[in-house]
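Q: Got a sequence here, can you model it:
(chains A and B)
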There are 2 protein chains.
Amino acid sequence: MKIHNFSAGPSILPTEVMHQASEAVKELNNSGLSLIEISHRSKAFIEIIEEACDLALKLTNLKGKGYKALFLQGGASQQFIMSAYNLLENKAGFVNTGTWSTKAIKEAKLLGEVIEIASSKETNFNYIPDSYQIPLDLNYLHLTTNNTIFGTQLKEIPNTKVPLIADMSSDIFSRKFDYSKFDLFYAGAQKNMGPAGTTLVIIKEDILGKVSRKIPSILDYSSHVKSGSMFNTPPVFAVYGSLLTMRWIEEQGGVESIGQKNIIKSEYLYNEIDRNPLFTGFAVKKDRSEMNATFNLVNKSHSESFDAICESAGISGLKGHRSVGGYRASIYNALPKESVDILVDCMQNLEQKI
Amino acid sequence: MKIHNFSAGPSILPTEVMHQASEAVKELNNSGLSLIEISHRSKAFIEIIEEACDLALKLTNLKGKGYKALFLQGGASQQFIMSAYNLLENKAGFVNTGTWSTKAIKEAKLLGEVIEIASSKETNFNYIPDSYQIPLDLNYLHLTTNNTIFGTQLKEIPNTKVPLIADMSSDIFSRKFDYSKFDLFYAGAQKNMGPAGTTLVIIKEDILGKVSRKIPSILDYSSHVKSGSMFNTPPVFAVYGSLLTMRWIEEQGGVESIGQKNIIKSEYLYNEIDRNPLFTGFAVKKDRSEMNATFNLVNKSHSESFDAICESAGISGLKGHRSVGGYRASIYNALPKESVDILVDCMQNLEQKI
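A: Prediction:
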């Protein structure tokens, strides 16, 4: 049976990416060697990481604009402390839109003053605050562009002279977006970019070197920029998988074209959530995520029936996060429209059955 | 042509590991899903990481002895600062045996007083110092058990009451060794353990919680211990590849049995280095590494001929590190004796040709 993988991350990747990655682990480009046994200083791997960095800038339309792309380790969780280490001299501002923002705030507090400019915590993060003042003395304002757990997504980038940094782990490369509004953004690979184990960091070079503290080398963006993202042995497989996925995005017509498909997929699903009297959406409509649709059964007693319908249709990974409950359909770039159709069919099947 | 892969790392892994890893990227255990698209919270992956942690303790003979195994990210380079963050309250001692020890010293200095107990820097790190006093007021003494670049290896673990910590990146699981003498040791996967992208950390639980500083969560061993090595999304593929390699080590009879094979391989090569008048070893004999044999041509004008002989025999990755020059044969666990035979043949071919 075909599995429809709605997992929130690690999550579905394009079929051809998984196939090509598998082949490379067997043998890379007829070299007689596996991708995972070659030196990271070999010509073959240097070509891989250079193309990956280049393509990341190309897809975000930042080539030639003073930015560098890095493939690091440690996930967004490591970026929470790393961004503060490199950029927080006095005071940083955060818009708190969920679990991951909350964690980012906690880590930054170890290194300086942190203020929550706005928060949607009082309603369990079901919306994105949009009316707030941004003090001009902040070193930066930190945003989370998509909240995987709560199913909300930032639609309007705030207009401010304060440098913006963002955690884009769950919606990078998913829509037309003005990435140039950000001085730094990062994304764990395991949603739209590739296998778990690497984190894309895109940074404007001229924001570096401005804090007075000494930064541990591995946490210093400058170390990684200077060494072309090869300060130490990179996570070879995850970088290669990310490269393959970015090539696939480019073949699909790039981020804008992917974004149009994502709108179609998410609208089709949200229309059913709104139409079907058995279901109710979690996030407020204006802030609904195109990546993670969170919804609940109006009557929880139907869950056993709905789960059985989904299971027999081959749907996997639909359980909501414990902070929200209910269901979460993660409909990342690589998830085919067909899988959304099947999910909507299941929702309608439940309606007919009840 | 068969390639004989002497790369220093990332390096050769067992053929069956590369094959099984490749299959899992296509589909994991007939699940209909790839290893790289399943949730790290799925039953399938939790079984993988639990088995990997368990097997790491079993192979080091530390099960039931108060240790925890973690699969982290960031390489040994991240452990340099992480170990200091967690354990350096006042003063740490280091035995400086090469490039990586030097880097570890540099990072630890950011967080406390650091003293070099001994160093072999004055002879370009061609030996392991063995006569030194260890002050009893150290928080720990840091050792590097194998120096990949210089081809030296620690044979005797110092006898002291001071807690020992060690970077074992290039010789973990390679020999009979009393791992219980260490309170903490770590190893980047990409030599004897698996694909690049994860770092094994084995830590004695009772050494944690003794420093007064606040530790960033991602750098806090306690965060990772508490969450069973799942503080955040682990590098799924690298962990799985490490598990496969550890299973292979166990099938080979475990670390002691592997160690006997490594002695045979390394002695065969060192015998030729010593016998063949065209070559000279770099490291002093008593400290020679069983993992990385460093050697030079006596007459550098023979290098073109020797390189050509090696290339036509399918030998790859033999170039020495720029700090030493000449050649380095990395003869890790997975390198078959046959490859060492071919290298020795090449050395003898050169002798006949000259």
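
Q: Within range of chain B, give me the residues from the stretch 51-200 of chain A.
A: Residues of the stretch 51-200 of chain A lying near chain B by C-beta under 8 Å from any C-beta of the partner chain: A:73-78, A:80-81, A:103, A:106-107, A:110, A:188, A:190, A:195-198. To be clear about C-beta, it is placed using only N, CA and C from the backbone, and glycine gets the same treatment.

Q: mind running it again at 6 Å?
A: A:Gln73, A:Gly74, A:Gly75, A:Ser77, A:Gln78, A:Ile81, A:Glu107, A:Leu110, A:Gln190, A:Pro195, A:Ala196, A:Gly197 (C-beta under 6 Å from any C-beta of the partner chain).

Q: Contacts only, for the first one.
A: What that stands for is A:Gln73. A:Pro235, B:Gln73, B:Gly74 (C-beta atoms under 6 Å, 6 or more residues apart in numbering or on different chains).

Q: out of the residues you listed, which one sits closest to A:Glu16?
A: A:Pro235 (21.2 Å; C-beta to C-beta).

Q: Okay, the closest one and chain B: tell me how far apart.
A: 3 Å (C-beta to the nearest C-beta, to the nearest Å).

Q: Kindly report the same for A:Ala44.
A: 11 Å.

Q: What of A:Gly314?
A: 8 Å.

Q: okay, the residues of the stretch 51-200 of chain A next to chain B in JSON lines with pLDDT next?
A: Converted to JSON lines, those look like this (pLDDT from 0 to 100):
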{"residue": "A:Gln73", "pLDDT": "98"}
{"residue": "A:Gly74", "pLDDT": "98"}
{"residue": "A:Gly75", "pLDDT": "98"}
{"residue": "A:Ser77", "pLDDT": "98"}
{"residue": "A:Gln78", "pLDDT": "98"}
{"residue": "A:Ile81", "pLDDT": "98"}
{"residue": "A:Glu107", "pLDDT": "98"}
{"residue": "A:Leu110", "pLDDT": "98"}
{"residue": "A:Gln190", "pLDDT": "97"}
{"residue": "A:Pro195", "pLDDT": "98"}
{"residue": "A:Ala196", "pLDDT": "98"}
{"residue": "A:Gly197", "pLDDT": "98"}
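
Q: circling back to that earlier point, in a markdown table: the contacts of A:Gln73, plus secondary structure and distance to A:Leu62.
A: Shown next, in a markdown table, are the contacts of A:Gln73 (DSSP: H, G, I helix; E, B strand; the rest coil; distance: C-beta to C-beta, whole Å):
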| residue | secondary structure | distance to A:Leu62 |
| --- | --- | --- |
| A:Pro235 | coil | 23 |
| B:Gln73 | coil | 25 |
| B:Gly74 | coil | 25 |
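
Q: Switch the residues you listed over to CSV; also include distance to A:Val284.
A: Below are the contacts of A:Gln73 laid out as CSV (distance: C-beta to C-beta, whole Å):
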residue, distance to A:Val284
A:Pro235, 37
B:Gln73, 35
B:Gly74, 38
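
Q: The residues of the stretch 51-200 of chain A next to chain B in helices, which ones?
A: Counted as lying in helices by DSSP state H, out of those, are A:Gly75, A:Ser77, A:Gln78, A:Ile81, A:Glu107.

Q: Show me the domain layout of chain A.
A: A:15-251, A:255-353 (automatic domain parsing).

Q: Save those as a markdown table, and put in distance to B:Ser39 too.
A: Putting the domains of chain A into a markdown table (distance: least, C-beta to C-beta, whole Å) gives the following:
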| stretch | distance to B:Ser39 |
| --- | --- |
| domain A:15-251 | 10 |
| domain A:255-353 | 6 |
